[in-house]
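Engineer: need a 3D model of the following:
(one chain, ligands or ions: 4)
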Amino acid sequence: MENDEFSEELNVAVRVVHMACSLCEKVQKQLISTNSDQVRSKDDDSLVTVADWSVQATVGWMLAKALGSHISIVAEEDTKSLSRPESSSLLARVVDVVNECLAEATRFGLQGPDNVLSASQVLDAISRCSSIGGHTGRHWVLDPVDGTLGFVRGDQYAVALAMIDGGDVKIGVLGCPNYPVKDDGLKKYSQQNLILLNKPSGEVGCVMYTRKGSRKAWMQPLIHRDETLEWPNSAKLIRVSSISNPALATFCEPVEKSNSDHSFAAGVACNAGLRKKPLRVYSMVKYAAIARGEAEIYMRFASSSYKEKIWDHAAGVLLVQEAGGVVTDAGGHSLDFSKGIYLEGLDRGIIACSGRQLHEKLIGAVYASWESSNL
Ligand SMILES: Nc1ncnc2c1ncn2[C@@H]1O[C@H](COP(=O)(O)OS(=O)(=O)O)[C@@H](OP(=O)(O)O)[C@H]1O
Ligand SMILES: [Mg+2]
Ligand SMILES: [Mg+2]
Ligand SMILES: [Mg+2]
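Structural biologist: Numbers count the residues shown, from 1 in each chain. Ligands and ions are numbered 1, 2, ... in the order given. A predicted model of the protein is given here:
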């Protein structure tokens, strides 16, 4: 690795994602326990919440403050519906949430604003994250809340921040506020399906991060306000699983059939010799599960009319790769983050594996399943 390259950027990114996780935890708790009006449908019928906008504003503002207002940020949300007159109470809520979060910046070793941000400053912070990426220069890539459906349902979700330089992902940070820190915790918690309301503090929630070429990935527990943990936070190395026998491997896939073809994945699983039931998890927590060795495979087969976005993958892909895994499209080709907001040229789907052997088997199984499904 080119020693300290991007270490300052990574340091800032990790802290900012911690702040965003803290924001999300608070909003998710309120969303679940009260019936307050914090969720909207977008034009494509997907959901957006106070947390999605608030994280985008907070991360956008903090990155610009720490790294300079010239930085380019590509992110999922825009202000179209939030700036309509009928959304004024929603906007007021976002402004409050953002200011509460920014006021806590020092808890994470960062500097917040001197004065509270106005509504128009918050809208500006959201809409300044509207770069389109590309193969030249440096771009931050943010999914403020990935797995918004999981978030709204009180389940798994992630805050995903990556940095692309010259078309390559160089930094990946994934905040997973409902990811149990203990080994195999995800499987246990997803069986119980009651993560949030009685989260055992210190046991749930982490931020994972890596740098391109480091061949290492780390995990830090979340720092909760009422706990003794303080910055600087402790980090432990994470690593992919060493299981290469398909019969023992666990595979993850999206919860919703509309986001990934479950029956095609079941065919691939069968062809590859997988025996376990799929672990269906919302969000990029699926990549996190591979990176930290709790599952071995992540398969995603979106419909052919859907184009995958870079913010849904950049951070997770780098984490898996640096933790020792392999990620390609379903044809075995590397994912291309250099073409703007979409993963252009993606062949059928995405296969992430803990090791090369499993990956080769899976790609072979995709070909076999594809041919038989097209007979
Ligand atoms: N049709 C279709 N096909 C594939 N993917 C889609 C589709 N529509 C949306 N999206 C993107 O999927 C992101 C959520 O993925 P998940 O893996 O969390 O899916 S699931 O909720 O578990 O089913 C989700 O990310 P968020 O919007 O950040 O939640 C979307 O970017
Ligand atoms: Mg969304
Ligand atoms: Mg997403
Ligand atoms: Mg999102």
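
Engineer: can you map out the strands along this structure?
Structural biologist: 39-41, 47-49, 72-75, 138-146, 158-165, 168-180, 204-211, 217-221, 236-238, 251-253, 279-280, 297-300, 326-329, 350-353 (DSSP state E).

Engineer: which of those strands has the lowest mean pLDDT?
Structural biologist: When the strands of the chain are ranked by mean pLDDT, strand 39-41 comes last with a mean of 89.

Engineer: near ligand 1, which residues of the stretch 101-250 of the chain? Just list them.
Structural biologist: Asp143, Asp146, Gly147, Thr148, Leu149, Gly150 (CB under 6 Å from any ligand atom). Bear in mind the C-beta positions are built from the backbone N, C-alpha and C, glycine included.

Engineer: I'd like to know which of those residues is nearest to Gly167.
Structural biologist: Ranked by distance to Gly167 (CB to CB), these are led by Asp143 at 18.8 Å.

Engineer: who in the stretch 101-250 of the chain is up against ligand 4?
Structural biologist: Asp143, Val145, Asp146 (CB under 5 Å from the ion).

Engineer: count the residues that sit near the closest residue to ligand 3 within the stretch 201-350 of the chain.
Structural biologist: With CB to the ion as the measure, Asp312 is the residue of the stretch 201-350 of the chain nearest to ligand 3, at 4.2 Å. Other residues lying near Asp312 total 24 when counted by other CB atoms under 10 Å.

Engineer: residues contacting it?
Structural biologist: Asp143, Asp146, Ala160, Met284 (CB atoms under 8 Å, 6 or more residues apart in numbering).

Engineer: show me what contacts the last one?
Structural biologist: This points to Met284. Met284 neighbours (CB under 8 Å, 6+ apart): Asp143, Asp146, Gly147, Ala158, Ala160, Leu174, Cys176, Asp312, His313, Ala315, Gly316.

Engineer: for the residue lying closest to Arg15 once chain neighbours are set aside, what are its contacts?
Structural biologist: Excluding its sequence neighbours, the residue lying closest to Arg15 (CB to CB, 6 or more residues apart in numbering) is Phe108, at 4.4 Å. Phe108 sits next to Arg15, Val16, His18, Met19, Ile223, Trp231 when contact means CB under 8 Å, 6+ apart.

Engineer: recalculate using a threshold of 7 Å.
Structural biologist: Neighbour list for Phe108: Arg15, His18, Met19, Trp231 [criterion: CB atoms under 7 Å, 6 or more residues apart in numbering].

Engineer: ditto for Asp347
Structural biologist: Asp329, Ala330, Gly331, His333.

Engineer: same list (those residues) but as JSON lines, adding distance to Ser127.
Structural biologist: Formatted as JSON lines, those follow (distance: CB to CB, whole Å):
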{"residue": "Asp329", "distance to Ser127": "32"}
{"residue": "Ala330", "distance to Ser127": "35"}
{"residue": "Gly331", "distance to Ser127": "36"}
{"residue": "His333", "distance to Ser127": "34"}
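
Engineer: now the residues you listed as a markdown table including distance to Ala75 and neighbour count?
Structural biologist: Shown next, in a markdown table, are the contacts of Asp347 (distance: CB to CB, whole Å; neighbours: other CB atoms under 10 Å):
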| residue | distance to Ala75 | neighbour count |
| --- | --- | --- |
| Asp329 | 23 | 21 |
| Ala330 | 27 | 23 |
| Gly331 | 29 | 15 |
| His333 | 26 | 12 |
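
Engineer: the longest helix in this protein is where?
Structural biologist: Across the chain, the longest stretch assigned as helix under DSSP state H is helix 7-33.

Engineer: is any residue of that helix near ligand 4?
Structural biologist: No: if you take CB under 5 Å from the ion as the test, helix 7-33 misses ligand 4, and the best it gets is 11.2 Å.

Engineer: packing partners for that helix?
Structural biologist: Applying 3 or more CB pairs under 7 Å, 6 or more residues apart in numbering; DSSP states H and E, one finds that helix 7-33 contacts helix 50-67, helix 88-102, strand 158-165, strand 168-180, strand 204-211.

Engineer: is it true that Ser260 touches Pro254?
Structural biologist: Yes: the pair Ser260 / Pro254 is scored as a contact, 4.3 Å apart, by CB atoms under 7 Å.

Engineer: between the two, which contacts overlap?
Structural biologist: Arg300.

Engineer: now the stretch 251-375 of the chain against ligand 4: closest residue?
Structural biologist: Closest point on the stretch 251-375 of the chain to ligand 4, by CB to the ion, is Trp311, at 7.2 Å.

Engineer: how close does that residue get to Ala162?
Structural biologist: 8 Å (CB to CB, to the nearest Å).
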